[in-house]
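S.K.: one predicted model, sequence on top.
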Amino acid sequence: MKVFYRTEMSADSGGYSPSAGKPDQVVSDWLSSESLKAEIEIVSDFDPVTIDDIKRVHDSDFVDGIMSLEIANGHGNTSAEVRDTLLWTSGSLYAGCVAALSDGVSCSPTSGFHHSCYDDCHGFCTFNGLMVAAAKVIDEGLAKDVLIVDFDAHWGDGTADILKKFPALLSAVDNLHASDLPASEFLDWIEDVLSLGPRPDLVIYQAGADLHEDDPLHAGYLNSEQMRLRDRLVFKWCKDEGIPVCWNLAGGYQRDEDGGISKVLDIHRATAEEAIY
Ligand SMILES: [Zn+2]
């Protein structure tokens, strides 16, 4: 499985969410796992998206304000370090989508997309890389129907907002949010909703780690084994149906006593294992 990663994708946001720093941390974690290391290929020779790619789905003044540091990013600050990751994280997801179309599965170790609206941002998300990548593969004729399987704990309000602004994208992109059913029913629901829905040309799977029962922003949902089953069901459906899937990280806020994110890394590692096997 190709993993589209460059160090330019990571930054210390200086805030509550560890998401901006996760590309470095998850890739380092995966490369320290003997079994995963043998199954992943780190790809670094991809391009960042352009400002025009971002403006395809966002308001021009909003994009300019973020890039000039006059508008606060999704972490609520004007960090140049975070700004400098933004074209790379969307570039990673787009490159991952293109690779998935030929390889079947790929990974973009990125977060910080789905709360980014057309002309506003919040919730540790700045530009909506999900919509940037989806619009780009559709505009380039690489896919006609894209399904965003957004199994982060939180509703992708930014994705929905952008889809409302662009009727042509709304007919080409479906945004599937995780149900708030109890865990046992949620896993059955995944099988039903995927098998009964329209069959897309490409799936972008947000495997958010914050659906975990111990997550401080969404405690009381899935345990670690159920998180793994969630991933298994999505990847199995894609594989059985022959649908290309590029997955990314999204949320996850558990902290160790020393401030580390080992529990979040455990969840993302499990998703990587399910994507491969
Ligand atoms: Zn979330």
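M.R.: Noted; the coordinates are in hand.
S.K.: compute the number of surrounding residues for the residue lying closest to H218 once chain neighbours are set aside.
M.R.: In space, and not counting its chain neighbours, H218 is closest to A153: 3.7 Å by C-beta to C-beta, 6 or more residues apart in numbering. (Each C-beta comes from the backbone N, C-alpha and C, glycine too.) Counted with other C-beta atoms under 10 Å, the neighbours of A153 add up to 23.
S.K.: what about stretch 65-77, how long is it end to end?
M.R.: For stretch 65-77, the first-to-last residue distance is 12 Å (C-alpha to C-alpha, to the nearest Å).
S.K.: any chance you could list what contacts it?
M.R.: Outside stretch 65-77, the residues within contact range by C-beta atoms under 8 Å, 6 or more residues apart in numbering are 13-15, 17, 20, 51, 62, 78-80, 82-83, 86, 112, 115-116, 121-127.
S.K.: how many neighbours does the closest residue to the ion within the stretch 51-200 of the chain have?
M.R.: For the stretch 51-200 of the chain, the residue closest to the ion is H154, as judged by C-beta to the ion, at 3.7 Å. H154 is flanked by 19 other residues according to other C-beta under 10 Å.
S.K.: same deal with H218?
M.R.: Other residues close to H218 by other C-beta under 10 Å number 22.
S.K.: break down the chain into its strands, ranges please.
M.R.: Per DSSP state E, the chain carries strands over the ranges 2-4, 41-43, 105-107, 146-150, 173-177, 202-206, 245-248.
S.K.: residues from the stretch 151-277 of the chain in reach of the ion?
M.R.: Applying C-beta under 5 Å from the ion, we find that the stretch 151-277 of the chain lies next to the ion at 152-154, 210, 251.
S.K.: how about the residue in the stretch 151-277 of the chain that the ion sits nearest to, what does it touch?
M.R.: Nearest to the ion in the stretch 151-277 of the chain, going by C-beta to the ion, is G251, at a distance of 2.9 Å. By C-beta under 8 Å, 6+ apart, the contact list for G251 reads 17, 19, 111, 124, 152-154, 208-210, 215, 217.
S.K.: was I right about the residue of the stretch 51-200 of the chain closest to the ion contacting G123?
M.R.: Yes: look at H154 against G123 with C-beta atoms under 8 Å: they come within range, at 6.9 Å.
S.K.: give me the common contacts of those two.
M.R.: Joint contacts of H154 and G123 (C-beta under 8 Å, 6+ apart) are H115.
S.K.: the contacts of stretch 65-77 in helices, which ones?
M.R.: 51, 62, 80, 82-83, 86 (DSSP state H).
S.K.: check contacts around the residue nearest to H218.
M.R.: A153 makes contacts with 178, 208, 210-211, 215, 217-218, 221, 251, as judged by C-beta under 8 Å, 6+ apart.
S.K.: and if you look at R6?
M.R.: Going by C-beta under 8 Å, 6+ apart, R6 touches 44, 46, 88, 92.
S.K.: same question, H218
M.R.: 153-154, 210-212.
S.K.: can you name the residues bridging to the residue nearest in space to the middle of the chain?
M.R.: When C-alpha atoms, centre = their mean is applied to the chain, the residue found nearest the centroid is N248 (3.6 Å). Going by DSSP bridges, N248 is paired in beta bridges with Q206.
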